[in-house]
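Q: only geometry, no sequence info:
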């Protein structure tokens, strides 16, 4: 673990894997909840956790680099279930990458338990991990100018669901009717870092 | 709607509602947003007797024209400009009474970029995640003003300030941004880091509320590999593949995959909000506090 200073009041804590980043994020949330960590933003990402708005970043940096981070406990909380139709326009391309049939892509994807590694790109867009590394796929060579809301997509090691229509370069494998982001709802984001997610196939019309 | 409202007669190039923004949601991909020139927004609120968190209008280059439906106190600050009520000049940077139905015109900026219009009671659009700010990156908050928009106003709670004019910093002729290097300065060649902190850049016309883009020497990377997405802070100087530094402003994305060579001191960002395209920019490395 390496803690890099960012400006005057932030720290970027770098770890060696996505799992470690999730474990560190969980631990930092625990410390904030118990009142031993005062910080404005805790932003997990692929291999890092950013802490922004710290009173004494140098002290926390030295403390973190000498402390043990417990692995993420298996939480009792149920996974969020997202009904999905595996009808995306890139399903055949993904199947070709994986060397399986499109139907098998759906079976593998729906049989995986995901967790939200981090959010970004747009409010409520989660980067979900869980698929084994052999199922990594590249982004599309040419991004689409408009990906519809609810599109279930793959890129690199991640699965994501577009909370609203936006340009995007991910491989689209399906569609969900779940509302990922609604600012009038509490919480606004259906998925936040650490949320466990399962995709549940529904009949494709 | 009650008569506590503002009708927008001329929206201007880009006029948005801004307050202190919505920090605390970066982990959900929600930008902080809020007024780019925070001290100017705070000042106009103080001048009209509003609390610091009241929402104001932020104009861009050519001001805006509004007609309050009830008598209000307004103050215009930020970029200096001509201000009139029903065609008659009134002071800039001071509280001004605007009678119900009168036309308040905030003229084009004489210098600087962003004007702030504080109105007694504050702009009272429905908050989103605790803020009324327009976020141009993710589309949260009210959309930018258009001609004919009617904005509700809150109830005035305080007395307006008893001042004739409040001093405000002039928009910068040269933008000097103090930076602390890192977290990814080691992704650049030593020569590039020297160029970054010694050469002169210029503000690019492609700048917006998301970032202050610059034109100048391209910064050469020492590491060619891809950087996994990581959280970024306000004031981060990100270097995209074209090598030209971009200073992240209030509507910046919460994570990014290009290396951040340095971070601008928060106290220097209001001046960045007022630097017109073409303004020389110098990044000066300072020690971390």
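A: The structure has been received and is ready for your questions. Here the structure is a predicted model, which means the values were calculated and not measured.
Q: Could you use CA atoms for every contact and neighbour count after this?
A: Fine.
Q: In chain A, what residue comes closest to chain B?
A: The minimum distance from chain A to chain B, using C-alpha to the nearest C-alpha, falls at residue A:120 (4.0 Å).
Q: Apart from its neighbours in sequence, what residue is nearest that residue?
A: Using C-alpha to C-alpha, 6 or more residues apart in numbering or on different chains and skipping residues adjacent in sequence, the residue nearest residue A:120 is residue B:29, 4.0 Å away.
Q: What is the three-state secondary structure of residue A:104?
A: Classification of residue A:104 using DSSP: H, G, I helix; E, B strand; the rest coil returns helix.
Q: now residue A:140
A: Applying three-state DSSP: residue A:140 is coil.
Q: check contacts around it.
A: A:169-171 (C-alpha atoms under 8 Å, 6 or more residues apart in numbering or on different chains).
Q: What distance do you get for it to residue A:168?
A: Using C-alpha to C-alpha, to the nearest Å, residue A:140 is found at 9 Å from residue A:168.
Q: Return the distance of the spatially most central residue of chain A relative to residue A:188.
A: Closest residue to the average C-alpha location of chain A: residue A:127 at 2.4 Å, with C-alpha atoms, centre = their mean. From residue A:127 across to residue A:188, the span is 17 Å (C-alpha to C-alpha).
Q: before we move on, what about residue A:72?
A: Distance, residue A:72 to residue A:188, by C-alpha to C-alpha: 24 Å.
Q: how much space is there between the nearest residue to residue B:12 once chain neighbours are set aside and residue B:82?
A: Excluding the flanking residues, the one nearest residue B:12 by C-alpha to C-alpha, 6+ apart is residue B:64, at 4.8 Å. The gap separating residue B:64 from residue B:82 is 11 Å, by C-alpha to C-alpha.
Q: least trustworthy helix or strand in chain B by mean pLDDT?
A: Among the helical and strand segments of chain B, the one scoring lowest on mean pLDDT, DSSP states H and E is strand B:255-256, with a mean of 94.
Q: do the following helix or strand past that strand and chain A meet?
A: Later in the chain than strand B:255-256, the nearest helix or strand by DSSP states H and E is strand B:260-264. Yes. Counting by C-alpha under 8 Å from any C-alpha of the partner chain, chain A is contacted by strand B:260-264 at B:262-264.
Q: Relative to chain A, which of these is nearest.
A: Closest approach between these and chain A, by C-alpha to the nearest C-alpha: residue B:263, at 5.0 Å.
Q: list the contacts for the nearest residue in space to that closest one that is not next to it in sequence?
A: Nearest non-adjacent residue to residue B:263, counting by C-alpha to C-alpha, 6+ apart: residue B:236, 4.3 Å away. Contacts for residue B:236 (C-alpha under 8 Å, 6+ apart) come out as A:7, B:247-248, B:260-264.
Q: if we go to 10 Å?
A: Listed by C-alpha atoms under 10 Å, 6 or more residues apart in numbering or on different chains, the contact set of residue B:236 reads A:6-7, B:179-183, B:211, B:245-249, B:252, B:259-266.
Q: Could you tell me which of those count as buried?
A: A:6-7, B:179-183, B:211, B:245-249, B:252, B:259-265 (16 or more other C-alpha atoms under 10 Å in any protein chain shown).
Q: Least confident of the contacts of residue A:140?
A: Least confident entry in the contacts of residue A:140, by pLDDT: residue A:169, with 93.
Q: Which residue is the nearest non-sequential neighbour of that one?
A: Once flanking residues are discounted, residue A:169 sits nearest to residue A:143: 3.9 Å by C-alpha to C-alpha, 6+ apart.
Q: my read: the one you found touches residue A:168, true?
A: Yes. Assessed by C-alpha atoms under 10 Å, residue A:143 is found in contact with residue A:168 at 5.3 Å.
Q: Among the two, which residue is more densely surrounded?
A: More neighbours surround residue A:168 than the other of residue A:143 and residue A:168, with 19 against 13 (other C-alpha atoms under 10 Å in any protein chain shown).
Q: pretty sure the more buried one contacts residue A:152?
A: No. Counting by C-alpha under 10 Å, residue A:168 stays clear of residue A:152, with 11.6 Å between them.
Q: Please identify every residue contacting each of those two.
A: Residues touching both residue A:168 and residue A:152 (C-alpha under 10 Å, 6+ apart): residue A:162.
Q: Quick one: name whatever helix or strand follows the helix ranked longest in chain A.
A: Secondary structure of chain A per DSSP state H: the longest helix is helix A:18-34. Note on helix A:18-34: by DSSP H and E, the next helix or strand toward the C-terminus is strand A:41-44.
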